[in-house]
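Q: Need a 3D model of the sequence below.
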Amino acid sequence: MERRILDLFLFSNRLKFNEIEKLTKIRSNKLAYHLKRLISKNIIKKEGENYRLSDTSEYLIPYLSEKKAPLPVILIFIGNEKKCFLYIRKKRPYNGKLSLPGGRLILGESIGEAVRRIMDEKFNIEAKFKKINSISFEQVRKNNKIIHSFILFFVSAEAEVPLVDVDKNRKNIITSDYKLIKSKKGSINVETMNSKI
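A: Purely as a prediction, here's the structure:
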């Protein structure tokens, strides 16, 4: 129900109680309960007779769509085409496969900050971001159906880490990671644009 309420704020900045009730068709006592919960979580604010998303919840707008979006992921390359830092994934997808270290790009952080955070949080390793090698779009299929989509920021970094022989372990490495490792590593610029609303 809270999702139904939040979906309304995709199209309106401010809504009155009776407007929310009419659009969601939620009974007034249930609606009042869920609005109070959203207010207590600081997701929405009440100003006079109007409700609106709180300033700290504005980031939710792109995620309120029923459409699923690709996940932006940083993949960190440390080493060379013959040997690089790989680890065994413990999560799906690709559980049990050798993988480049990586993780989500979090709202508000730069690519360099993401590299440092991921390597520190996951491996307790201090890494220094070098460059962005490429950006790729990966679609993971299962039974001929796309189950995941990722925007892969393939970056190079430096760190003191043990390296794994890439060719000897090819069958155990995630296919897309292997392709990235073996690709020519150029350099691209990704500009960070700051906008105000």
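Q: Low-confidence stretches in this structure?
A: 62-67, 197 (pLDDT under 70).
Q: How are the helices of it distributed by residue range?
A: 2-7, 17-24, 28-40, 111-123, 175-182 (DSSP state H).
Q: Can I get the ones you listed in a markdown table including distance to residue 157?
A: All C-beta atoms are positioned from the backbone trio N, CA, C, and that covers glycine. Listed next are the helices of the chain as a markdown table, based on distance: least, Cβ to Cβ, whole Å:
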| stretch | distance to residue 157 |
| --- | --- |
| helix 2-7 | 37 |
| helix 17-24 | 47 |
| helix 28-40 | 40 |
| helix 111-123 | 5 |
| helix 175-182 | 14 |
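Q: Looking at the ones you listed, which is nearest to residue 167?
A: For residue 167, the closest of those is helix 175-182, at 9.2 Å, according to Cβ to Cβ.
Q: Other residues contacting that closest one?
A: For helix 175-182, contacts defined as Cβ atoms under 8 Å, 6 or more residues apart in numbering pick out 75, 77, 81, 84, 86, 98-100, 133-134, 136, 138, 152, 154, 166, 170, 173.
Q: so residue 151 bridges to which residues?
A: residue 72, residue 137 (DSSP bridges).
Q: I'd guessed it sits against residue 71; true?
A: Yes. Taking contacts as Cβ atoms under 8 Å, residue 151 lies within contact range of residue 71: 7.2 Å.
Q: picking that back up, would you show me how to pick out the buried ones of the contacts of helix 175-182 in ChimeraX?
A: Typed into ChimeraX, the line below selects the buried ones among these, using 16 or more other Cβ atoms under 10 Å:
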select :75,77,84,86,98,99,100,133,134,136,138,152,154,166,173
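Q: Among the helices of the chain, which comes closest to residue 144?
A: Nearest of those to residue 144, taken as Cβ to Cβ: helix 175-182 at 16.5 Å.
Q: roughly how far out does that closest one sit from the chain middle?
A: Remark: helix 175-182 is offset 20 Å from the chain centroid, using Cα atoms, centre = their mean, to the nearest Å.
Q: related to what we said a few turns ago, so for residue 104, which of the helices of the chain sits nearest?
A: Going by Cβ to Cβ, the one of the helices of the chain nearest residue 104 is helix 111-123, 8.1 Å.
Q: With just CA atoms, put the closest one into PDB.
A: Taking C-alpha atoms only, helix 111-123 is exported to PDB below (Å, rounded to 0.1, in the frame of the first residue of the first chain):
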ATOM      1  CA  ILE A 111      33.900   6.200  -9.400                       C
ATOM      2  CA  GLY A 112      37.200   6.600  -7.600                       C
ATOM      3  CA  GLU A 113      35.400   6.700  -4.200                       C
ATOM      4  CA  ALA A 114      33.500   3.600  -5.200                       C
ATOM      5  CA  VAL A 115      36.700   1.700  -6.000                       C
ATOM      6  CA  ARG A 116      38.200   2.600  -2.600                       C
ATOM      7  CA  ARG A 117      35.000   1.700  -0.700                       C
ATOM      8  CA  ILE A 118      34.500  -1.600  -2.500                       C
ATOM      9  CA  MET A 119      38.000  -2.800  -2.000                       C
ATOM     10  CA  ASP A 120      38.100  -1.700   1.600                       C
ATOM     11  CA  GLU A 121      34.600  -3.100   2.600                       C
ATOM     12  CA  LYS A 122      34.900  -6.400   0.800                       C
ATOM     13  CA  PHE A 123      38.600  -7.200   1.000                       C
END
